[in-house]
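**Q** got a predicted model here, sequence first, then my questions.
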Amino acid sequence: MESENTPTLAPDAEPTGDAPPLTLETLQKELDAAKAKAAENLEGWQRERATFANYKRRVEKEQAETYQSATSRVLARYLDVMDDFDRAMQDRPTAGPEAKWAEGVSLVYRKLQNILEAEGLVAIEGVGQEFDPNQQEAITHEESAEHPAGHVIAIVRKGYKLGEKIVRAALVRVAR
């Protein structure tokens, strides 16, 4: 009786001389080779999938950085306008006929501030804090009885940052 694993030849077929006869051992070797090839293909696919995931993350990060860079360049152009508004708000009239006009200018100023804040622009704080050369630029070092050495006495020009990126460093006076 023939085994299930033994191939049978058709009655009129002749075995060829150049092909080895199919045996359980030969079929097992072919199966093992096919399994090894499948494992190799799976490993290659997994490697390529990981490479693609890394590529996708890198592209997304580069796009976010490009967006932030473009946004910071555009917002930086409005900072001089903000400085002018800051100076105007310090000297605005509070009484008389000019007070109503000044209130309108104040509304425009607040609207500009809200737009810049909505884009993520944040003013760099610093009065009374330790001088941080990464966010501030010292324009003078002065004696101060109120502040310890190395601390900011006053902000001469506001600095701003967008996320962690410094759009413009603050100009400050520092105690020595």
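**A** Perfect, thanks for sending it. All of these numbers come straight from a predicted model, not from anything done at the bench.

**Q** only C-alpha atoms from now on, for both contacts and neighbour counts.
**A** OK.

**Q** where do the strands sit along this protein?
**A** 121-124, 136-142, 152-157, 159-162, 165-168, 170-175 (DSSP state E).

**Q** let's have the ones you listed in TSV, adding mean neighbour count, distance to Leu24 and mean pLDDT.
**A** TSV is the format used below for the strands of the chain (neighbours: other Cα atoms under 10 Å; distance: least, Cα to Cα, whole Å; pLDDT from 0 to 100):
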stretch	mean neighbour count	distance to Leu24	mean pLDDT
strand 121-124	18	74	94
strand 136-142	17	79	95
strand 152-157	19	86	95
strand 159-162	22	70	94
strand 165-168	19	69	94
strand 170-175	24	81	96
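
**Q** closest one to Asp32 among the ones you listed?
**A** For the strands of the chain, proximity to Asp32 was assessed by Cα to Cα; strand 165-168 is nearest, at 56.6 Å.

**Q** residues touching the closest one, excluding its own?
**A** 72-73, 76, 135, 159-161 (Cα atoms under 8 Å, 6 or more residues apart in numbering).

**Q** how about a cut-off of 10 Å?
**A** 65, 68-69, 71-76, 79, 121-124, 134-137, 157-162 (Cα atoms under 10 Å, 6 or more residues apart in numbering).

**Q** with stretch 122-129 instead?
**A** 113, 116-117, 132, 135-136, 146-148, 150-155, 158-164, 166-170, 172-175.

**Q** got the CA coordinates for that stretch in PDB?
**A** Taking Å, rounded to 0.1, in the frame of the first residue of the first chain, the C-alpha atoms of stretch 122-129 are listed here in PDB:
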ATOM      1  CA  VAL A 122       4.400  84.600  24.100                       C
ATOM      2  CA  ALA A 123       6.200  87.500  25.600                       C
ATOM      3  CA  ILE A 124       9.400  86.600  27.500                       C
ATOM      4  CA  GLU A 125       9.100  87.700  31.100                       C
ATOM      5  CA  GLY A 126      12.200  88.600  33.100                       C
ATOM      6  CA  VAL A 127      12.000  91.600  35.600                       C
ATOM      7  CA  GLY A 128      13.400  90.400  38.900                       C
ATOM      8  CA  GLN A 129      14.400  87.000  37.400                       C
END
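
**Q** distance from it to the middle of the chain?
**A** Mean-position distance between stretch 122-129 and its chain equals 24 Å (Cα atoms, centre = their mean, to the nearest Å).
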